[in-house]
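Undergrad: Okay, sequence plus prediction incoming.
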Amino acid sequence: MIAIAPDERRRHSDSMPTRAIRRAQLRQIVPLADTTIYEMERRGEFPKRFALTRRCVVWDLAEVEAWLAARKQAGEAGEQARAPAPDVRDRKTRPVRQA
């Protein structure tokens, strides 16, 4: 067994996640599709996952909760950009009749 000095233990505990969650748990917390989460991760807009093993990736629960709190705060402050409403006149099927 490798002994870790108290100051080393303190330094590592700051960077180590307190609880890691798997994809199924993440989906229960964040109602976004997997592809949306991966795209947001790639752009740096969502907490990064990390590998526990070669076949198991997890997210830090504290980072995910902090991300949710920041999104909620931005939405309440009106800073969250919303997608523009679609122009129904550009539809290919069921075109809108001109009145």
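TA: Nice, thanks for sending it over. Residues are numbered from 1 along each chain as shown.

Undergrad: For the rest of this, base every contact and every neighbour count on C-alpha atoms.
TA: OK.

Undergrad: So, low pLDDT: which residues of the chain?
TA: Within the chain, the stretches with pLDDT under 70 are 1-17, 95, 99.

Undergrad: Spell out the residue ranges of the strands in it.
TA: Listed in chain order, the strands of the chain (DSSP state E) span 20-21, 50-51, 57-60.

Undergrad: need the contact list for the residue positioned nearest the centre of the chain.
TA: Taking C-alpha atoms, centre = their mean, the centroid of the chain lies closest to Phe46, which sits 3.8 Å from it. If a contact means C-alpha atoms under 8 Å, 6 or more residues apart in numbering, then Phe46 has 37, 40, 64, 67 as its contacts.

Undergrad: and which of the residues you listed is nearest to Asp90?
TA: Met40 (28.1 Å; C-alpha to C-alpha).

Undergrad: Tell me the spacing between the nearest residue to Ala74 once chain neighbours are set aside and Arg71.
TA: Spatial nearest neighbour of Ala74, chain neighbours left out: Gln80 (5.4 Å); criterion: C-alpha to C-alpha, 6 or more residues apart in numbering. Gln80 sits 8 Å away from Arg71, going by C-alpha to C-alpha, to the nearest Å.

Undergrad: quick one on the thing from earlier: give me the buried subset of the contacts of Phe46.
TA: 37, 64 (16 or more other C-alpha atoms under 10 Å).

Undergrad: returning to that earlier point: ok, the residue nearest to Ala74 to Asp34 distance?
TA: Taking C-alpha to C-alpha, one finds Gln80 at 21 Å from Asp34.

Undergrad: longest helix anywhere in this structure?
TA: helix 61-76 (DSSP state H).

Undergrad: May I see the contacts of Phe46 organised as CSV, with distance to Gln28 added?
TA: Converted to CSV, these look like this (distance: C-alpha to C-alpha, whole Å):
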residue, distance to Gln28
Ile37, 13
Met40, 17
Val64, 12
Trp67, 15
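
Undergrad: which residues does Arg91 contact?
TA: Going by C-alpha under 8 Å, 6+ apart, the list of residues near Arg91 is empty.
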